[in-house]
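Visitor: just a sequence and a predicted model for now, questions to come.
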Amino acid sequence: MNFFKSLGLLALATFSYADTINFRLICVGCNQVQVAVNGKTVELNRYDDLPYFMGPAEANVNDSYYYIHDGQKENFERVFTGDLKDRTYNDFFNRQDTIKPLYQFGFPTNRKWERSIGKQELFDDTYIPTIYVDGGLSFFQNAPPGTTYVDRVTFFLKDNVHYYRNVPLSCKNRNEDKFQIRFGLPADSNNKNPLKRSILKLRPSSQDPAFMRQLIYSDILHAIGNPTHESVTSRVYSDGVGIGLYVLQEDVTTKSFARAAFYGNEKTGKISAATDELGSPLDCSTGADFQEDGNYYSFQPIEGNSRDNIVKLIKEMNRVNPNDKDDIENFDKKWFDLHIFFKALAVEYLAGHWDSYWYYTTNFVMYDDPRESSADNVKYYFVDQDFDLTFGLGLSDSMNRFGKEFPQHSYKDDVNRIWNIGSSDGEHRFAVDKFLSDGTLTKGMFEAYLVSIVKHIFNPVALGKKVDDYYERIKPELEWEYNEVEKLFNSKNVKKYNFNIEDFNDGVNDGGHKHTWGIKNWTQMRADAVAAEFGFQYDTFPIRPEDAEEIKVKDVEPMQASGNYEDYTGPTVTEQLGSYSSDANTIRVISKSIILIVLLYLLL
């Protein structure tokens, strides 16, 4: 499955002299590939029958180089940074930035989610992975029902390459020309899987012209300390044919996700729970609510598991007193993580995530952790998913009672509201009405998180920075899809989502003629409305995780709603914090340089 390690050892053994670098390139549809460096052109060798070429050439750090395939040279020069000392990252022909770090949200909190293996190399968003499917062209042309097995699926990551044989694929949303793909990754003969995940999805963002809504949303949840799927932008090819740009993503309804998100160690990449030690993830469909009415069929167990435990939680949720601090804290500790739930609700409201619990009682997961459960309790966690229909996309008139002013309405308009959005949707939102109603101590908890998220993340400064970074990264990839990828499947759906780069620009900014809002103007309207409602100013400088570590905040606790939550949110940040400023870093670098110069002088 993982052939990079053996190739790497071979390369080190064969090319061990100091300045010999192993150049590595992904080049689909290429026959002869060369690297030009230091005035020499060196032939690269194809590995097996994959679109992957490698070879040694003399180079030093900061040397420029470029690739040539079949007589066609790249129209820019790269720089060998020396990050990996003896090799390049896995470059992609004509992609100028192999590695491009993105801005990461900072969020001041003492409640971090440190139980996940995190991104690891598979979801490292400084890189755009390539997924190459052998024997899958017919699948992409016909979107067949059921399961299709393909010969091989290869993951070209930043430094490693992994491949899997006899991989099962299935498709979803066949009503769209660019449909969703779900696939399983079989373990090897030693029951090992180097990617640590056995079930993954390729989500096409078919209705999102900006292509980044679900990426941004999951970035927000990770930053505020909520468990959710990892995601990364990926190119997909099959049998030498470009399929398109997709979001590679975990499937939160699976035990594969539960293992990685709840029992992982990000530093070691190891997982401490076997599949038979896990709880029972419940895939929640429309109508999944927490009132004690005996109708719990919308909480759907997987893999032959039971929904019995959710009945116990629902009974306890109906009993807990939202005006009793001790009772709330005991319920949070033993039964249901309210902090994670309230943060998830805050982001659902802020981003208009209607395809989930608050707006449609659907499309979320409830996971019970056996390690925190006993004969007297069952500890549950709320996990949100599928974030492409957000920031104003797909809002129906039955959900949107405010028209173009929807982003300016208060969350309070959606508490104790009569819903009945669809035939399976209920009249109320039990958990929202119980915990966010006036007079409850839980309402203050929710509002403290809401204010903090807007102050530091969901505002035109921080989120705008994130959007701008994604825009620069994604635009060349979408230009490839729009200009070079031929549509293979034609669905029977009358409504088609055929976008171009103009739609991409509009989707990022103001929505254009196809949508009421873009990501930026929705964010501006929502952030300004919340800031005005609660009387605070959001950050005017986008903080990063290291900045957030310097901001001291109190733990959110059951409290009366007051509107003043600065002790829990921290102050408004108007400039980069001192110890992490570029000036401070420059001073440190200069100081080290002066010391080295002095030492060298003394030695001479």
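Guide: Great, that's in hand. Because the structure is a prediction, the values reported are computed rather than measured. Numbers count the residues shown, from 1 in each chain.

Visitor: how about the helices in the stretch 51-200 of the chain?
Guide: 137-142 (DSSP state H, counting those that start in this stretch).

Visitor: so Tyr163 sits right up against Phe156, yeah?
Guide: No - using CB atoms under 8 Å, Tyr163 is not in contact with Phe156, being 9.4 Å away. The way it works is simple: take the backbone N, C-alpha and C, and place the C-beta from them, glycine included.

Visitor: which one of those two has more residues nearby?
Guide: Taking other CB atoms under 10 Å, Tyr163 and Phe156 do not tie; Phe156 has more neighbours (25 against 18).

Visitor: need the contact list for that one.
Guide: Residues near Phe156 by CB atoms under 8 Å, 6 or more residues apart in numbering: 26, 52, 90, 129-132.

Visitor: any chance you could map the strands in the stretch 1-150 of the chain?
Guide: Counting by DSSP state E, counting those that start in this stretch, the stretch 1-150 of the chain has these strands, from start to end: 20-26, 33-37, 40-46, 52-58, 64-69, 72-73, 78-79, 91-92, 130-134, 148-156.

Visitor: could I get these as JSON lines with mean pLDDT and distance to Gly269?
Guide: Putting these into JSON lines (pLDDT from 0 to 100; distance: least, CB to CB, whole Å) gives the following:
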{"stretch": "strand 20-26", "mean pLDDT": "98", "distance to Gly269": "22"}
{"stretch": "strand 33-37", "mean pLDDT": "98", "distance to Gly269": "31"}
{"stretch": "strand 40-46", "mean pLDDT": "98", "distance to Gly269": "30"}
{"stretch": "strand 52-58", "mean pLDDT": "97", "distance to Gly269": "24"}
{"stretch": "strand 64-69", "mean pLDDT": "98", "distance to Gly269": "31"}
{"stretch": "strand 72-73", "mean pLDDT": "98", "distance to Gly269": "38"}
{"stretch": "strand 78-79", "mean pLDDT": "98", "distance to Gly269": "29"}
{"stretch": "strand 91-92", "mean pLDDT": "98", "distance to Gly269": "24"}
{"stretch": "strand 130-134", "mean pLDDT": "98", "distance to Gly269": "20"}
{"stretch": "strand 148-156", "mean pLDDT": "98", "distance to Gly269": "15"}
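
Visitor: turn those into JSON lines, columns for distance to Ser437.
Guide: Below are these laid out as JSON lines (distance: least, CB to CB, whole Å):
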{"stretch": "strand 20-26", "distance to Ser437": "55"}
{"stretch": "strand 33-37", "distance to Ser437": "65"}
{"stretch": "strand 40-46", "distance to Ser437": "65"}
{"stretch": "strand 52-58", "distance to Ser437": "58"}
{"stretch": "strand 64-69", "distance to Ser437": "62"}
{"stretch": "strand 72-73", "distance to Ser437": "65"}
{"stretch": "strand 78-79", "distance to Ser437": "59"}
{"stretch": "strand 91-92", "distance to Ser437": "53"}
{"stretch": "strand 130-134", "distance to Ser437": "47"}
{"stretch": "strand 148-156", "distance to Ser437": "48"}
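
Visitor: returning to what we had before: ok, the contacts of Phe156 vs Ala261, which is closest?
Guide: Pro129 (19.7 Å; CB to CB).

Visitor: mind listing what the closest one touches?
Guide: 122, 155-158, 232, 234-235, 248.

Visitor: so which residue is smack in the middle of this structure?
Guide: Centrality entry for the chain: nearest residue to the mean C-alpha point is Ser231, 3.4 Å, by CA atoms, centre = their mean.

Visitor: before we move on, the earlier item: mind picking the two most distant members of the contacts of Pro129?
Guide: So, those by CB to CB: farthest apart are Leu122 and Arg235, at 14.5 Å.

Visitor: where does the chain have low pLDDT?
Guide: Flagging of the chain using pLDDT under 70 yields the residue ranges 1-18, 494, 578-604.

Visitor: what residues go with each domain of it?
Guide: 4-92, 275-455, 578-604 (automatic domain parsing).

Visitor: cheers, nothing more for now.
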